[in-house]
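Colleague: predicted model, plus sequence, below.
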Amino acid sequence: MKKTDKKTAKNTKQPDKKEPMSEKNKMILKAAVLFFILAAVVGALITGSVYLVKAVCYENSNYILRNVNVASNGYWHNRNNIVGKYAGLNIRKDNIFRIDLNKIKEKVMKIDNVQHCDVRRILPDTIQINIIERVPRARISRQPDYLLDETGTVLSRKYSMLPTHSLPLLTGLHLKEKLKLNNTVPELYNVMQIIVRTLRYYSDIEIVAADVSNKDFIKLYVRYAKGRLRQAIMPNTLQGVDIRMKALRTALIQSHAAQDSIKIYNLSFDGRVVCQ
């Protein structure tokens, strides 16, 4: 018998058989293939949507800005071109879908006397700007071009539609460096709130002027029922203001009925009125 050499034996050895893929691995492979197919489909849909939106909206001549409408409760009502210019809007150039409404709002809020605004698109070609303007509540002595609203914010007389000659006059100011348009002066908040509160809840009392030269006390020059001009001294605080206003009103009614000669009502003693 012939001996089979090692080399021949090695060549005649049966090849190894690969183990079949387990059911778990098959499921993982199928899931991976399905995931990639879905990702490809979603990617194609997103890409198609972007191009569709771009073609339909951003590059559609039907959505070119043609109108800027401004609605307001005062001076800026229907001043469409001026407000549009302040806002940086370009008629017949801007696409309304490319306009950043928040940036437009920020620019409009910087316009003199504007307190609040709302900006929105009206398809196909209009930007609507709704403005709430600040209401002047007082004049400033020796500053004829400036007014104040109820928060102590400085307004321009130029843009006020209301008659201002009858507004209360603020005197004794030492804050000229703060009297800039659209700047709020915290030191004047209390006196402005007293003026507005009197106008709303004690309308039979007219505040003609207010002296704020003393940081601790406010001197009000008031009339009751169009009567004599009298002076009321109040602490420069809003705490207990309604109690003091009611006490002042009672004292003014009595003085008006008696036609007395009282000139000063001091209300700086916890709601009690000291007459002089």
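Modeller: Right, received. Where do you want to start?
Colleague: got phi/psi on Pro124?
Modeller: phi -100, psi -10 (degrees, to the nearest 10).
Colleague: so who does it touch?
Modeller: Listed by Cβ atoms under 8 Å, 6 or more residues apart in numbering, the contact partners of Pro124 are 62-63, 96. Quick note: C-beta positions are derived from backbone N, CA and C, even for glycine.
Colleague: just Val83 next, same as before
Modeller: Counting by Cβ under 8 Å, 6+ apart, Val83 touches 68, 70, 76, 108, 111, 129, 131.
Colleague: and if we set it to 10 Å?
Modeller: Val83 is in contact with 68-70, 72, 76-77, 89, 104, 107-108, 111, 114, 117, 127, 129, 131, counting by Cβ atoms under 10 Å, 6 or more residues apart in numbering.
Colleague: repeat for Pro186
Modeller: Taking Cβ under 10 Å, 6+ apart, one finds 151-152, 175, 178 in contact with Pro186.
Colleague: top of those residues by number of neighbours, please.
Modeller: Gly152 (22 neighbours; other Cβ atoms under 10 Å).
Colleague: excluding its backbone neighbours, what's nearest that residue?
Modeller: Leu188 (3.8 Å; Cβ to Cβ, 6 or more residues apart in numbering).
Colleague: repeat for Asp149
Modeller: Once chain neighbours are set aside, the closest to Asp149 by Cβ to Cβ, 6+ apart is Arg134, at 4.1 Å.
Colleague: low pLDDT regions in the stretch 1-150 of the chain?
Modeller: 1-21, 26, 43-45, 47-58 (pLDDT under 70).
Colleague: okay, strands next: where are they in it?
Modeller: Applying DSSP state E, counting those that start in this stretch to the stretch 1-150 of the chain gives strands spanning 67-72, 114-122, 126-133, 138-140, 146-148.
Colleague: just to revisit the earlier point, isn't the residue nearest to Asp149 right up against Met192?
Modeller: No. Counting by Cβ atoms under 10 Å, Arg134 does not reach Met192; the two are 11.4 Å apart.
Colleague: shared neighbours of those two, anything?
Modeller: Shared contacts of Arg134 and Met192, counting by Cβ under 10 Å, 6+ apart, come down to 148-151, 153.
Colleague: scan the residues you listed and report the most crowded one.
Modeller: Busiest of the shared contacts of Arg134 and Met192 [other Cβ under 10 Å] is Leu148, holding 27 neighbours.
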